[in-house]
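Chemist: Structure for the following, please:
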Amino acid sequence: MQRQPQEGGALSNRIDPRITRTTRAFEEAIVDLAGRRPVSQITIGELADRAGVTRATFYNHCNSPLDLLIQVLHDDLERGHRREAEHRAQGGYSAHELLRMSTAEVADHVERYLPIYRHALDDPADSGVYDALVRHFSDYALTFMADGDHPGLPEANRRMIAQFMAHGFAGAIRAWLKDPDVTKDDMVDAAVACAPAWWAGDGS
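Modeler: Numbers count the residues shown, from 1 in each chain. Take a look at the predicted model:
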């Protein structure tokens, strides 16, 4: 997907308001359609029609409906990370409180796009949604490990650590969505409880 300068949206451009309007139309269209059925079943023609643009215009912005959807989800997750960064900068929160807030931000994200994540649970053709979630968590974990001092961080390959944590977190989300008896708070509690001591910063 071609990346445009962002301002509150997946592909929005600050310079040309026409591009901003087109971007928002695409975002609204993909979220609406992917909330109704798996993204693998959405055609480019259908998406372009819903957004009120031509297929050529769609290809000027991105390569596929899945690429567009992943970008929308990624940008929403990034907004949550920015809020976390603001909380860190403000101070007054313990590492454990920050961990819980960041985990709850992700849970809120999944809840906002719940039909999309539910559609992607079991269909191998839609595994790209969860693959992107794992990549996002892995990148976040690598950034977290590289930023600042984390007493107790093991002397092991950091990419492997990041992958282990990312797949674990994505797995917890899948388990939450698959089990109607599990609540969002249950998932957050479990994820926080399983976080290593070096992540929460208590060094124990």
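Chemist: any idea of the mean pLDDT in stretch 110-123?
Modeler: The average pLDDT within stretch 110-123 is 92.
Chemist: got a list of what Val192 touches?
Modeler: His96, Leu99, Arg100, Thr103 (CB atoms under 8 Å, 6 or more residues apart in numbering). The C-beta positions use only the backbone N, C-alpha and C, and glycine is treated the same way.
Chemist: Wait, the third one touches Ala190, no?
Modeler: No. Under the criterion of CB atoms under 8 Å, Arg100 is not in contact with Ala190, lying 11.8 Å apart.
Chemist: Looking at these two, which is more packed in?
Modeler: Using other CB atoms under 10 Å, the more surrounded residue of Arg100 and Ala190 is Arg100, with 18 against 15.
Chemist: Can you tell me, leaving aside adjacent residues, what's nearest to that one?
Modeler: Spatial nearest neighbour of Arg100, excluding adjacent residues (CB to CB, 6 or more residues apart in numbering): Val192 at 5.2 Å.
Chemist: Kindly report the same for His167.
Modeler: Val134 (5.9 Å).
Chemist: and what of Gly52?
Modeler: Ala25 (5.9 Å).
Chemist: what's the burial count for the one you found?
Modeler: 17.
Chemist: What score does it have for pLDDT?
Modeler: 92.
Chemist: Please determine how far it is located from Glu46.
Modeler: Ala25 sits 14 Å away from Glu46, going by CB to CB, to the nearest Å.
Chemist: Going by neighbour count, which residues of stretch 179-190 are buried?
Modeler: Judged by neighbour count using 16 or more other CB atoms under 10 Å, the buried positions of stretch 179-190 are Lys184, Met187, Val188.
Chemist: Now intersect the residues you listed with the helices, please.
Modeler: Counted as lying in helices by DSSP state H, out of the buried residues of stretch 179-190, are Lys184, Met187, Val188.
Chemist: Output those residues as TSV; include the columns distance to Val53 and pLDDT.
Modeler: Output for these, formatted as TSV (distance: CB to CB, whole Å; pLDDT from 0 to 100):
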residue	distance to Val53	pLDDT
Lys184	36	96
Met187	37	96
Val188	39	96
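Chemist: what about the longest helix in the chain?
Modeler: helix 65-90.
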